[in-house]
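I'll drop the sequence and a predicted model, then ask my questions.
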Amino acid sequence: MKIIAGNWKMNGSRSALESMIHDLESVDTENKVILCVPFTMLGVKSDRVATGSQDVSAHTHGAFTGEVSAAMVADTGAKYAIVGHSERRAYHNETNDIVRAKATQALANGITPIICVGETMDEKQAGKTMEIIESGVRESIPTDASSDIIIAYEPRWAIGAGLTPTDAEIEEAHTLIANILADMGLAGTPVLYGASVKGSNAAQIMSIPNVDGVLVGGASLKSDDFIPIITSVK
Ligand code: PEP
């Protein structure tokens, strides 16, 4: 069983989500399918597809205009929240400390955080990929986290760019993450790969050791693109 998570970013509509869920409900798969959608679309019910948000506030409640708490996300019936996505880190200056605070809020409200880590192109070119992954994993996971978290390795230079690392690079990153998680007492935590996944490369990527599924951006918006990813692996 693999985890196939979609990230709609700031795209879509409630009717588009209902239509996607309708299409996904007839897909014959044992894989776990999650759709992380804008806050306004949460609350759409499905027995087959779990929903999640793309962020949660680092605060519990109160005077934080425009923010949405993990308790509010849980109140919609959503079970997951992406935290620390590359675009949040880039455009909202989210650090590992902020991401950890958000993951803590998610866990406190019964939401499984999908914690994203990954290197920028500058960091990759400076030979810092493994260092960035290690600090991202160690510093973004709450210290008292149980195994109810998901990690997504997303090389930031490859997101939305149609680029993917080599299989060897993905394996090296995922093996490092699996070893760090074991060292943190979190062996068995699922680790997803994300960045430019599509129907034509999904099966190959998910055959790489320690890749437990994928986080899909652009190709999760249309059923014709997303369903082949879901059915590419048993
Ligand atoms: C993402 O946004 O998490 C992502 C992986 O995007 P894309 O698949 O479009 O590269």
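Ah, there it is. Residues are numbered from 1 along each chain as shown.

Taking the centroid of the protein, which residue is nearest it?
Residue closest to the average C-alpha location in the chain (C-alpha atoms, centre = their mean): I114, at 4.5 Å.

With adjacent residues omitted, what lies nearest to whichever residue of the chain sits closest to the ligand?
Nearest residue of the chain to the ligand, counting by C-beta to the nearest ligand atom: G217, 2.1 Å away. C-betas here are computed from N, CA, C, even on glycine. Leaving aside its sequence neighbours, G217 sits nearest to N7 (C-beta to C-beta, 6 or more residues apart in numbering; 5.0 Å).

Equivalent analysis for A58, please.
A58 sits nearest to A101 (C-beta to C-beta, 6+ apart), 3.8 Å away.

where does the one you found land in three-state SS?
helix (DSSP: H, G, I helix; E, B strand; the rest coil).

List the residues that contact G84.
E94, N96, I98, V99, K102, A103, I115, C116, V117, G136, S140 (C-beta atoms under 8 Å, 6 or more residues apart in numbering).

Adding pLDDT as columns, could you present these in CSV?
Output for the contacts of G84, formatted as CSV (pLDDT from 0 to 100):
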residue, pLDDT
E94, 98
N96, 98
I98, 98
V99, 98
K102, 98
A103, 98
I115, 98
C116, 98
V117, 98
G136, 98
S140, 98
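
Among those, name the ones in helices.
Among the contacts of G84, DSSP state H puts N96, I98, V99, K102, A103, G136, S140 in helices.

and the fourth one, how many neighbours?
Same thing as K102. 26 (other C-beta atoms under 10 Å).

Could you do the first one as well?
N96: 19 surrounding residues under other C-beta under 10 Å.

got the contact list for the closest residue to S13 other than its chain neighbours?
Leaving out its chain neighbours, the residue that sits closest to S13 by C-beta to C-beta, 6+ apart is M41, at 7.4 Å. By C-beta under 8 Å, 6+ apart, the residues touching M41 are W8, G12, S13, R14, L17, T51.

same deal with A108?
Residues near A108 by C-beta under 8 Å, 6+ apart: A70.

near the ligand, which residues of the protein?
7, 9, 154, 159-160, 194-197, 215-219 (C-beta under 6 Å from any ligand atom).

Touching stretch 198-218 from outside, list them.
2-7, 9, 31-32, 82, 114, 116, 152, 154, 159-160, 164, 167, 170-171, 174-175, 177-178, 190-197, 219, 225-226, 228-229, 232-233.

Could you look up the SS state of H174?
At H174 the chain is in helix, as set by three-state DSSP.

Nearest spatial neighbour of it, chain-adjacent residues omitted?
N210 (3.8 Å).

Contacts only, for the residue nearest to G217.
By C-beta under 8 Å, 6+ apart, the neighbours of N7 are C36, Q54, I82, H85, G194, L215, V216, G217, S220.

Quick check: nearest residue in space to the last one, chain neighbours excluded?
When the adjacent residues along the chain are set aside, S220 lies closest to G6, with 2.8 Å between them (C-beta to C-beta, 6+ apart).

Give the partner strands of the strand or helix carrying the one you found in its sheet and their orientations.
Assessed by DSSP states H and E, G6 sits inside strand 3-7. According to DSSP bridges, strand 3-7 forms sheet pairs with strand 32-36 (parallel), strand 213-216 (parallel).
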